[in-house]
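[1] sequence unknown, structure follows:
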Ligand SMILES: C=Cc1c2[nH]c(c1C)Cc1[nH]c(c(CCC(=O)O)c1C)Cc1[nH]c(c(C)c1CCC(=O)O)Cc1[nH]c(c(C)c1C=C)C2
């Protein structure tokens, strides 16, 4: 039984860990240590005041949640009722080599036939005829250690052009990374399983799944969901009034009312030692020394490495994954959404044919926020419909530096928007820029195997299972993944 648990990091994973551990071990002392002066990590919602009585929420990090993430639904029930909003389903890519302006991503076979993306259709139709072609022998390719990049996977099954156009765009929109670096097993595990189900063909695997021949594995149902799941029927994405920040804020409020729980901001960890009495750890902060019996590290892996004791055997693989930096530029226009962009979720931009150039501005995609989460129930329709919110994401795998001057950056982005959206656009009435440094870990090929080895060492003789390492760089980076990781910590204590 843990006597005192130190949680390192006050992002969503750290807060979720604190919340669930305090329910599981009500008698344990819990200390959460966060270096910044705020909690929530990359989640950051801000209000932009437009009129004396009207403001809009803009997001520097994630902006929508999916109802499939049961751990978030559970939390929102335990903490606060979510605001739901119907989602815009249309998604686009901007690939001027295929068509000027935006190209709608087709969702039915007929729409595919009519779309300019039909140039990729032969690659898809030929795929079931291609022989099973994993590079290793069948027995190796089915085992845990087999891995390859998403680009290699898609190129192998569908050819390099489909991998470049669709695969790279997908990876930009989630990982802001190069699809040639990203592990298919870690980032898109279901794709790998679908290939297995189709005996080597992804298309046959999908068809079998649609026909119910191979049913997806049922998910864990052990969540306290009340009626919130029914509320979410038919909803693709949702958020909260006040933005995603509502979630960490509600967690902080709930945690502050727990007497055995100490939430400390502006108190990072300077070092961890293993020389405490009774097998406890020693955790040094600039302000004090703690002696926890157990530790949860919810820090980015690259931040954990330098605070570990130099005399203990090193934890493996903490430095294996690089992280992408993303510049997030939110724009607000004083015009209704239909005058600014087509109805839809937004668009993604594939890797250029001649690769990522240092001279490119490096736009990865744009989110049509006003459509992705339209006017919330109960909001002032008249004022919300007067404005359009959109967010342009830049950086990731592009090696060039962005203009430091916001006016220059804005002018270049507006030029891009005018050619992508193929219309004259008014100047935005408000804008916000966030430079999110090393915010999204790129789960490189071999990630799952490396994490299995890391867990083995943590379970071993030295760490004895008393420290757990969790977070976006380990288990997955969506809001749902982070909350879920926090829900699972300490399960074996
Ligand atoms: C700061 C920018 C981010 C980019 N990706 C992420 C962030 C925080 C993380 C992320 N984005 C998505 C997922 C999958 C979510 C899931 O539930 O499976 C993750 C982990 C998908 C996504 N991508 C964009 C949006 C609006 C969404 C929905 C979820 C969300 O609101 O984050 C748009 C987008 N994100 C990035 C880029 C470059 C981009 C382009 C339009 C990077």
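    Great, that's in hand. Since this is a predicted model, take the numbers as computed values, not measurements.
[2] how about the residues of the stretch 301-450 of the chain near the ligand?
    Proximity of the stretch 301-450 of the chain to the ligand (CB under 6 Å from any ligand atom) is limited to residues 326, 328, 346, 348, 364-367, 393, 436, 440. Where you see a C-beta, it was placed from the backbone N, CA and C, and this is true even at glycine.
[3] so who does residue 67 touch?
    Counting by CB atoms under 8 Å, 6 or more residues apart in numbering, residue 67 makes contact with 73, 229, 232, 235-238.
[4] how about it, phi and psi?
    Dihedral angles phi and psi of residue 67 (degrees, to the nearest 10) take the values phi -60, psi -20.
[5] what's the answer for residue 65, then?
    Main-chain dihedrals, residue 65, degrees, to the nearest 10: phi -130, psi 150.
[6] hmm, it is touching residue 479, no?
    Yes. Counting by CB atoms under 8 Å, residue 65 does reach residue 479; the two are 5.6 Å apart.
[7] shared neighbours of the two, which are they?
    With CB under 8 Å, 6+ apart as the test, residue 65 and residue 479 both reach 72, 244.
[8] where is the longest helix in this protein?
    helix 406-421 (DSSP state H).
[9] go through it and flag the buried ones.
    Judged by neighbour count using 16 or more other CB atoms under 10 Å, the buried positions of helix 406-421 are 409-410, 413-414, 416-417, 420-421.
[10] out of the contacts of residue 67, which sit inside helices?
    73, 229.
[11] ok, the contacts of residue 67 vs residue 178, which is closest?
    residue 237 (26.0 Å; CB to CB).
[12] burial measure for that closest one, as a count.
    By the measure other CB atoms under 10 Å, the count of residues near residue 237 is 17.
[13] and it, how far from residue 309?
    Counting by CB to CB, to the nearest Å, the separation of residue 237 from residue 309 is 43 Å.
[14] bridging residues for whichever residue of the chain sits closest to the ligand?
    Taking CB to the nearest ligand atom, the ligand has its nearest neighbour within the chain at residue 365, 2.7 Å off. Beta-bridge partners recorded for residue 365 (DSSP bridges): residue 348, residue 393.
[15] which residues are in contact with stretch 188-199?
    128, 132, 134, 142, 150, 153, 157, 184-185, 201-202, 204-209, 214, 216.
[16] sorry, back to before: turn the residues of the stretch 301-450 of the chain next to the ligand into a markdown table, including neighbour count and pLDDT.
    Output for these, formatted as a markdown table (neighbours: other CB atoms under 10 Å; pLDDT from 0 to 100):
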| residue | neighbour count | pLDDT |
| --- | --- | --- |
| 326 | 25 | 98 |
| 328 | 23 | 98 |
| 346 | 23 | 94 |
| 348 | 25 | 97 |
| 364 | 26 | 98 |
| 365 | 23 | 98 |
| 366 | 27 | 97 |
| 367 | 24 | 95 |
| 393 | 22 | 98 |
| 436 | 19 | 95 |
| 440 | 21 | 96 |
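[17] what sits against the closest residue to residue 292 other than its chain neighbours?
    Nearest residue to residue 292, sequence neighbours excluded (CB to CB, 6 or more residues apart in numbering): residue 6, at 3.8 Å. Contacts for residue 6 (CB under 8 Å, 6+ apart) come out as 30-33, 281, 283, 290, 292, 294-296.
[18] and residue 6, helix, strand or coil?
    When classified by DSSP: H, G, I helix; E, B strand; the rest coil, residue 6 comes out as strand.
[19] and for residue 177?
    coil.
[20] identify the residue nearest it in space, chain neighbours excluded?
    residue 442 (4.2 Å).
[21] for residue 25, same thing?
    Closest residue to residue 25 apart from its sequence neighbours, by CB to CB, 6+ apart: residue 2 at 5.7 Å.
[22] wait, doesn't the one you found sit right on residue 293?
    Yes. Assessed by CB under 8 Å, residue 2 is found in contact with residue 293 at 5.3 Å.
[23] list residues touching both of the two?
    In terms of CB under 8 Å, 6+ apart, residue 2 and residue 293 are not both contacted by any residue.
[24] interface residues of the stretch 101-250 of the chain facing the ligand?
    Near the ligand, when you scan the stretch 101-250 of the chain using CB under 6 Å from any ligand atom, you find 172-174, 176.
[25] swap the cut-off to 8 Å and go again
    For the stretch 101-250 of the chain, the residues in contact with the ligand (CB under 8 Å from any ligand atom) are 172-176, 237, 244.
[26] now the buried members of those residues.
    172-173, 175-176, 237, 244.
[27] name the nearest of those residues relative to residue 399.
    Closest to residue 399, out of all of those and judged by CB to CB, is residue 176, at 13.5 Å.
[28] excluding chain neighbours, what is closest to that closest one?
    Distance criterion CB to CB, 6+ apart; nearest residue to residue 176, sequence neighbours excluded, is residue 396 at 3.4 Å.
[29] distance of the one you found from residue 183?
    For residue 396, the distance to residue 183 - CB to CB - is 17 Å.
[30] can you pull the contacts of residue 134?
    Neighbouring residues of residue 134 by CB under 8 Å, 6+ apart: 141, 146, 156, 195, 200.
[31] now do the contacts for residue 422.
    With the criterion set at CB under 8 Å, 6+ apart, residue 422 makes contact with 100-102.
[32] among those, name the buried ones.
    For the contacts of residue 422, a burial check counting by 16+ other CB under 10 Å picks out residue 102.
[33] show me the helices in the stretch 251-400 of the chain, by range?
    Using DSSP state H, counting those that start in this stretch, the helices found in the stretch 251-400 of the chain span residues 301-304, 337-340, 369-372, 381-384.
[34] got any ranges where the stretch 51-200 of the chain has weak pLDDT?
    Filtered on pLDDT under 70, the stretch 51-200 of the chain yields the residue ranges 79-89, 136-143.
[35] on that earlier part again, adding distance to residue 274, write the residues of the stretch 301-450 of the chain next to the ligand out as TSV.
    As requested, those are exported to TSV (distance: CB to CB, whole Å):
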residue	distance to residue 274
326	36
328	39
346	48
348	46
364	42
365	45
366	48
367	45
393	41
436	34
440	31
